[in-house]
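Asker: okay, here's the prediction I keep looking at, along with the sequence it came from:
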Amino acid sequence: MKNLQQSENKKLQHLLSIKGLDKKIIEQIFDDADMFLEKEVTELHNHASLNGKTVCNLFFENSTRTQTTFEIAAKRLSANVINLDIATSSQSKGESILDLVNNLIAMSVDIFVIRHSEPGIPELVARNIKSNAHIINAGDGDREHPTQGLLDAFTIRKFKKSFSNLKVAIVGDIQHSRVAKSEISILSTLGTKEIRVIGPKTLMPDNIEDMNVNVFHTMEEGLNDVDVVMMLRIQKERMSNNTIPSESEYFKNFGLNQKRLKNAKDDALVLHPGPINRGVEIESEVADGKQSVILEQVKHGIAIRMAVMTMMIDKK
Amino acid sequence: MKNLQQSENKKLQHLLSIKGLDKKIIEQIFDDADMFLEKEVTELHNHASLNGKTVCNLFFENSTRTQTTFEIAAKRLSANVINLDIATSSQSKGESILDLVNNLIAMSVDIFVIRHSEPGIPELVARNIKSNAHIINAGDGDREHPTQGLLDAFTIRKFKKSFSNLKVAIVGDIQHSRVAKSEISILSTLGTKEIRVIGPKTLMPDNIEDMNVNVFHTMEEGLNDVDVVMMLRIQKERMSNNTIPSESEYFKNFGLNQKRLKNAKDDALVLHPGPINRGVEIESEVADGKQSVILEQVKHGIAIRMAVMTMMIDKK
Amino acid sequence: MKNLQQSENKKLQHLLSIKGLDKKIIEQIFDDADMFLEKEVTELHNHASLNGKTVCNLFFENSTRTQTTFEIAAKRLSANVINLDIATSSQSKGESILDLVNNLIAMSVDIFVIRHSEPGIPELVARNIKSNAHIINAGDGDREHPTQGLLDAFTIRKFKKSFSNLKVAIVGDIQHSRVAKSEISILSTLGTKEIRVIGPKTLMPDNIEDMNVNVFHTMEEGLNDVDVVMMLRIQKERMSNNTIPSESEYFKNFGLNQKRLKNAKDDALVLHPGPINRGVEIESEVADGKQSVILEQVKHGIAIRMAVMTMMIDKK
């Protein structure tokens, strides 16, 4: 995997997972994102680094929001952007995805942003294309969502500087969340002092022991003295099939409210990948409160994606 | 409302309704639109006034046509344009619209073009966002559609110069038409001599007396000696629920044909916001006839929207 | 038709069909496409020839793939691109298409790319618009798909130089294929030595005798000694209504496999307009084999469309 993501001279070729990504590459992405944020302040919105390049959004699973972040980031780099409307189309089988991607490469697409409900599809594509095109994983099943992991860690770094003294808690459906996997992986790579996961036993992955995290089943214990609280979005679909009880029951046990947040440090940050379900996994007072950095995450998401795409195109 | 649309130094911050908009601002928009039309003649199609800015179309009610006019106008100003496909999605409740807009502001959207079936949603958003982003109302329920009002009045000005001598008739479903509300409001602001409305009693709003218009229930009387005839589009949905009788019945009573048009002045203009229902509210001979300025309205619609967006961005 | 496609001074006004298109125009398109391909090699991706112009994709029949090729080509020429989502909408009747197009012309659209299930719609539009806008036929029913014909012939020229010594076989559902019609027409215009069609009798058009082709009903005979094999895509819809037998039955009789390809010359090219149905009309060994130029066709398709649009805009 490492060799698939980085070319022989250590440059970023694809972004498929945080797992296996060099700490050096991560820090370079952060520095580049910082630069884009600074230039924003001086009103320099558009950049030329992808001028003449074509970015193609291939979302086999609908996500207007995430697709929009890549579209905005690419347009601000002066790229030509193509959104293919292929969710739930007949294109979802492995073989035909490769035909589709190879056709688009022949049409001169340079970067593919791929989301798919099946884990490993972006990696499959990266392994099998015969060109210098770049693949960015925008979420593959319950496996990874690396740009979300990057922007979350970037946001923490903005406010907390170093990771080596931090206790970070991730709260929710760890088992099915690709965001949680990418967060655990990047926090671990960056040397976070302690990574905790909080949630009901039914929502912990089987291999949670191998993840180098401490597991908690109550908010009160898990949030105790932490520096950062990373909430996960509850997929309402999971409630209907009984993996998760009712919304009110879930909120009663694992929802983040002001009172529970008091268990964490006074200056603890609250993160959420969005869109938030108010009153389900988080109450409005916390989501809109002064410890929340949720909208900063969104802002940083654009800068991180600009940094990743620029790095891919510049370094080849 | 006035303060919401214009900043303290009288600049255009949002465009939510014609009601409450300064005559001075309207005339400035017209002059800017004139300039864009003139430059078009000299083949100068694209302009740089929104270069590096992002315009987001948020249409909670489908309208390919209106959305396209804003998309073309924004692209001709060199903006990055994002079309969010959210019609009939779960995003339609008040609270979540604010979350959505605040997220998009964090992604650096500068101008939102909002259409919603519920009156007041664009104003609600303008009141509650915490940034310098701009809101343009592209139609809110039966309340207002200000850019349509602007382009209609602009078209009249092109051909008739002054409003102070004009008799203008608006024909159709006044009650449910946001276009009619914006037209009445702008004609009134610009000092039109007489504004008439023509339609069946069942399609007049309850507060029609307060609108400073003369009400007619037959075409023959209402069109007599007018300088401008502004047709409204009939919403076919209204027929199925019996507010309006059959198409043929409606056309018999209130459809505009050549014979009826003779009641108006010989050089009377015919306007229609489009798309026209041929043979329902207007016959083809009139729609395509020499008094029709319907396609000029479409052309002017691009220039007016370019002028509004440029004014918002330039003046802040 | 000729006069409709070319202005009085012989310039390209519309591209409606290969039939009636001057050989000189075709060769000029090929030369321009060559230039775009060469510049690609030197990393000059974007061009300014459509800067400030607006291209509108009007696909009344869904085709993400073809629409994407026009979108990419137009964006690489710096055009503003509008994709109208009108497939299966109420806009499909003749009259309202003209209203729609005239409205879009008023919004300053310069080039329309039109696909429609009914033959002749692009021509109908070209005949009836009152402006200098340009129409490109992107497929009208079973009639023509001229840019596909152009890119196919261009691909053959790339590898075989002259047409006067070539034997070319077109294989599949000749009757319903607009691609076949455009291919036969352009090969004929370019002076191809022999054009063959291969397929079951039930899939031959009634007027096949008038097309100046030799008809074969077995692959073995038809492919014998040919220089080029042009496969057609099988429309699976046709199988359900029994025009075509089962996929396996079709593949058994008319599928292209390695063994059958041996009937052709050793250096025979294999073309396919895509997307391919592996194992239905072509086996993977051939589609991905060294005689296949299928991905080159895709690449050339962008260059050809760039050349056609540039010629239309430059020459007026």
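Answerer: Arrived safely, thanks for sending.
Asker: show me the domain layout of chain A.
Answerer: The record's domain parsing of chain A by automatic domain parsing lists A:2-145+A:299-314, A:146-297.
Asker: figure out which of those domains is closest to chain C.
Answerer: Judged by Cβ to the nearest Cβ, the one of the domains of chain A that comes nearest to chain C is domain A:2-145+A:299-314, at 3.3 Å. The way it works is simple: take the backbone N, C-alpha and C, and place the C-beta from them, glycine included.
Asker: so which bits of chain A are right by chain B?
Answerer: Residues of chain A lying close to chain B by Cβ under 8 Å from any Cβ of the partner chain are A:40, A:43-46, A:64-65, A:68-69, A:71-72, A:75-76, A:274-276, A:278, A:295-296, A:298-299, A:301-302.
Asker: and the domains of chain A, which one's lowest on average pLDDT?
Answerer: Of all the domains of chain A, domain A:2-145+A:299-314 carries the lowest average pLDDT, namely a mean of 90.
Asker: how about that one and chain C, touching?
Answerer: Yes: using Cβ under 8 Å from any Cβ, we find that domain A:2-145+A:299-314 touches chain C at A:51-54, A:80, A:82, A:84-86, A:89, A:95-96, A:99-100, A:102-104, A:106-109.
Asker: and the residues you listed, which are buried?
Answerer: Buried members of the residues of domain A:2-145+A:299-314 next to chain C, counted by 16 or more other Cβ atoms under 10 Å in any protein chain shown: A:52-54, A:80, A:82, A:84, A:86, A:96, A:99-100, A:102-104, A:106-109.
Asker: among those, which ones are in helices?
Answerer: Using DSSP state H, the subset of these located in helices is A:96, A:99-100, A:102-104, A:106.
Asker: and the residues you listed as CSV, adding distance to residue A:158?
Answerer: Below are those laid out as CSV (distance: Cβ to Cβ, whole Å):
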residue, distance to residue A:158
A:96, 42
A:99, 42
A:100, 38
A:102, 40
A:103, 40
A:104, 35
A:106, 41
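Asker: quick check, nearest of the residues you listed to residue C:187?
Answerer: Lowest distance from residue C:187 to these (Cβ to Cβ) belongs to residue A:106, with 22.8 Å.
Asker: which residues touch that closest one?
Answerer: By Cβ atoms under 8 Å, 6 or more residues apart in numbering or on different chains, the contact set of residue A:106 is C:295-296, C:298-299.
Asker: centroid-wise, who is the farthest residue in chain A?
Answerer: In chain A, residue A:106 marks the outermost C-alpha relative to the chain mean, sitting 29.2 Å out by Cα atoms, centre = their mean.
Asker: hmm, back to that, in the contacts of residue A:106, which residue is surrounded by the most others?
Answerer: Within the contacts of residue A:106, most neighbours by other Cβ atoms under 10 Å in any protein chain shown means residue C:298, with 23 neighbours.
Asker: which residues touch that residue?
Answerer: Shown in contact with residue C:298 (Cβ under 8 Å, 6+ apart): A:103, A:106-107, C:69, C:274.
Asker: ditto for residue A:76
Answerer: Listed by Cβ under 8 Å, 6+ apart, the contact set of residue A:76 reads A:45-47, A:302, A:306, B:52, B:54, B:80, B:108.
Asker: could you single out the nearest of those residues to residue B:23?
Answerer: Using Cβ to Cβ, residue B:54 comes nearest to residue B:23 of those, at 30.9 Å.
Asker: the closest one and residue B:110 touch, don't they?
Answerer: Yes: applying Cβ atoms under 8 Å, one finds residue B:54 in contact with residue B:110, separated by 5.5 Å.
Asker: list the residues that contact both of those two?
Answerer: Jointly contacting residue B:54 and residue B:110 under the rule Cβ under 8 Å, 6+ apart are residue B:79.
Asker: what's the spacing between residue A:257 and chain B?
Answerer: Residue A:257 is 18 Å from chain B, where distance means Cβ to the nearest Cβ, to the nearest Å.
Asker: now the closest residue to that residue other than its chain neighbours: how far from residue B:146?
Answerer: Nearest residue to residue A:257 in three dimensions, chain neighbours excluded: residue A:283, at 4.6 Å (Cβ to Cβ, 6 or more residues apart in numbering or on different chains). Distance of residue A:283 to residue B:146, computed by Cβ to Cβ, to the nearest Å: 37 Å.
Asker: who has more neighbours, the two?
Answerer: The residue with more neighbours, out of residue A:283 and residue B:146, is residue B:146; 30 against 20, by other Cβ under 10 Å.
Asker: residues contacting that one?
Answerer: Taking Cβ under 8 Å, 6+ apart, we find residue B:146 in contact with B:15-18, B:21, B:136-137, B:182.
Asker: and residue A:179, by the same measure?
Answerer: Residues in contact with residue A:179 (Cβ under 8 Å, 6+ apart) are A:145, A:148-149, A:152, A:232-233, A:273.
Asker: likewise residue A:255?
Answerer: So residue A:255 contacts A:279-283 (Cβ under 8 Å, 6+ apart).
Asker: among these, who's most crowded?
Answerer: Counting neighbours by other Cβ under 10 Å, residue A:282 comes out on top of these with 29 neighbours.
Asker: so residue A:28: helix, strand or coil?
Answerer: Here residue A:28 is recorded as helix under DSSP: H, G, I helix; E, B strand; the rest coil.
Asker: touching, it and residue A:310? I think so.
Answerer: No: counting by Cβ under 8 Å, residue A:28 does not reach residue A:310; the two are 10.7 Å apart.
Asker: same drill for these two, tell me which one is more crowded.
Answerer: residue A:310 (20 against 15).
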